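Chemist: Fold the following for me, if possible:
(one chain, ligands or ions: 1)
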Amino acid sequence: MEREIGFGVVGLGMGAHHAQAVHNAQGARLVAVCDMDERRLGRVASQYSVKAYRRYEDLLADPEVKVVNICTPSGTHTDMGVRAAEAGKHILVEKPPDVTVEKVDRLIDAVRRAGVKAGVTFQSRTFPLNRRIKAAVEEGRLGRLIGVNAWLPWWRSQSYYEGPHGSWKGTWALDGGGSLMNQGVHTVDLLQWIAGPVRSVMGRYGAFAHDIEAEDTTVAVLNFSCGAVGTLMTTTCAYPGLPQMVLFYGERGSILKEEDTLKVWRIRGEREEEEREMLELYGPRRREGPTTASDPMAVGSAGHQGLVEDMVRAIREGREPYITLESARHTVEIVTAIYESSRTGREVFL
Ligand SMILES: NC(=O)c1ccc[n+]([C@@H]2O[C@H](COP(=O)([O-])OP(=O)(O)OC[C@H]3O[C@@H](n4cnc5c(N)ncnc54)[C@H](O)[C@@H]3O)[C@@H](O)[C@H]2O)c1
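Modeler: Just a heads-up that it's a prediction; the model follows:
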């Protein structure tokens, strides 16, 4: 049997989900966790009986750690990632890979120079329904794509932006923005992954219901290179937190989903049973408990586990991980362009 690959997780908010994902993943072994918050560190280390490091340099010096899961605030990812790459570690970095394109490029560069692997946690790309939608769009089954529309009417209380683990949220330096860069970045990634690239954007943002530096509501128009036009709305002001909606429509049909539930799959001239089959597979199901529309920690670890197992296989097979830094770069480019457009009042070309 092949030896398991050792993982170390830094940043134990979302990182607690990474620890669980590594623990459950095939071919991976959780070796150590790291956080400067002693309480979080002690809790996760004792839960999995693994080494606990307060200092990141000690995690990087551990020879058993081959992959570092970077789960610190978004604007620290490049610094943490460059240090990991220089220490010869592979990287699985939380979304967004960092908060500016320049920083993402610096990380890409460091990873190439070190010859290590780097994967990004845009886990929506691993969900079967999203992969089916991407295939349908790419195969041209909707005909020429016309509309790409998404809204994310989520809710976060003021306390989410406060306290020792909240005060970086909604700041430009560490969160890179607010509802768009933090909550909405998965949606932007999905749109660009399925229908991209995006050629130009126009945006407007503001902070309406929270005392934060950046924004809690953003709207944007996106012009895709394929000719489609898109609209996007992200907010953390919509009490109590309503489902994300995404609609793709083309000359021949429409696909509509609400969070991870398929609502409509209808393509003119194609088998009508297909919609029934797709709805059976991905349609409405009884759900219990909160979703990420109102609770950030409801994200779970299933998507992350798939990405951990993909990293293990990428290392063993000498191939790139499923979600590369290069493929995630455009997402950061779109988000920052929407912010720039909002500041300047001009259309921004990518
Ligand atoms: N993929 C997803 O669905 C998802 C969901 C939530 C958050 N995230 C991402 O995860 C990242 C973390 O978000 P969070 O909500 O868990 O934040 P958080 O503030 O709750 O946790 C970050 C942790 O990092 C620790 N930390 C910071 N700098 C450190 C350092 N130099 N050394 C050791 N520990 C350090 C902090 O003490 C803190 O415990 C962000 O980039 C966020 O965008 C992703």
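
Chemist: ok, which stretches of the stretch 101-250 of the chain are helices?
Modeler: According to DSSP state H, counting those that start in this stretch, the stretch 101-250 of the chain carries its helices in the segments 101-114, 128-138, 172-175, 185-195.

Chemist: Can you point out the buried residues in the second one?
Modeler: Okay, so that is helix 128-138. Buried residues in helix 128-138, counted by 16 or more other C-beta atoms under 10 Å: 129, 130, 132, 133, 134, 136, 137. The C-beta positions use only the backbone N, C-alpha and C, and glycine is treated the same way.

Chemist: Among the residues you listed, which one sits closest to residue 29?
Modeler: When the buried residues of helix 128-138 are compared for distance to residue 29 (C-beta to C-beta), residue 130 wins out at 29.1 Å.

Chemist: in terms of contact count, name the helices or strands touching the least confident helix or strand in the chain by mean pLDDT.
Modeler: When each helix and strand of the chain is scored by mean pLDDT, DSSP states H and E, helix 273-282 comes last, with a mean of 92. The elements that helix 273-282 packs onto, with contact taken as 3 or more C-beta pairs under 8 Å, 6 or more residues apart in numbering; DSSP states H and E, are helix 128-138, strand 261-267.

Chemist: Next, the angle from the shortest one to helix 273-282.
Modeler: In this case it means strand 261-267. 170 degrees (axes from the mean of the first three to the mean of the last three C-alpha atoms, to 10 degrees).

Chemist: what packs against the helix or strand hosting residue 42?
Modeler: Counting by DSSP states H and E, the element that carries residue 42 is helix 38-48. Counting contacts by 3+ C-beta pairs under 8 Å, 6+ apart, helix 38-48 packs against helix 15-24, strand 28-34, strand 51-53.

Chemist: How far does it sit from its chain's centre?
Modeler: 25 Å (C-alpha atoms, centre = their mean, to the nearest Å).

Chemist: and the protein, which residues reach the ligand?
Modeler: By C-beta under 6 Å from any ligand atom, the residues of the chain that approach the ligand are 10-14, 34-37, 40, 56, 71-74, 76, 94-95, 121, 123, 165, 182, 296, 299.

Chemist: and the residue sitting nearest the centre point of the chain, what does it touch?
Modeler: The residue lying closest to the centre of the chain (C-alpha atoms, centre = their mean) is residue 122, at 3.3 Å. Applying C-beta atoms under 8 Å, 6 or more residues apart in numbering to residue 122 gives the contacts 95, 186, 189, 193, 323, 328, 331.

Chemist: Return the per-residue confidence for it.
Modeler: Model confidence at residue 122, expressed as pLDDT, equals 97.

Chemist: Which residue, neighbours along the chain excluded, lies closest to it?
Modeler: residue 189 (4.6 Å; C-beta to C-beta, 6 or more residues apart in numbering).

Chemist: which helices and strands does the lengthiest helix in the chain pack with?
Modeler: With secondary structure taken from DSSP state H, the chain has its longest helix at helix 325-344. Contact analysis of helix 325-344 by 3+ C-beta pairs under 8 Å, 6+ apart lists helix 101-114, strand 118-120, helix 185-195, strand 198-206, strand 217-224, strand 348-349 as its packing neighbours.

Chemist: Of the ones you listed, give the one that comes closest to residue 3.
Modeler: Using C-beta to C-beta, these put strand 118-120 closest to residue 3, at 20.0 Å.

Chemist: Name the residues of the closest one that come out as buried.
Modeler: 118, 119, 120.

Chemist: name the helices or strands packed onto that strand?
Modeler: Counting by 3+ C-beta pairs under 8 Å, 6+ apart, strand 118-120 packs on strand 90-93, helix 101-114, helix 302-317, helix 325-344.

Chemist: what sits up against the shortest one?
Modeler: Defining contact as C-beta under 8 Å, 6+ apart, one finds that strand 90-93 is touched by 7, 18, 66-70, 77, 81, 84-85, 107, 111, 116-121, 307-308, 311, 315, 321, 325.

Chemist: Count the neighbours of the closest residue to residue 237 other than its chain neighbours for me.
Modeler: Once flanking residues are discounted, residue 237 sits nearest to residue 209: 4.3 Å by C-beta to C-beta, 6+ apart. Per other C-beta atoms under 10 Å, the neighbour tally for residue 209 reads 17.
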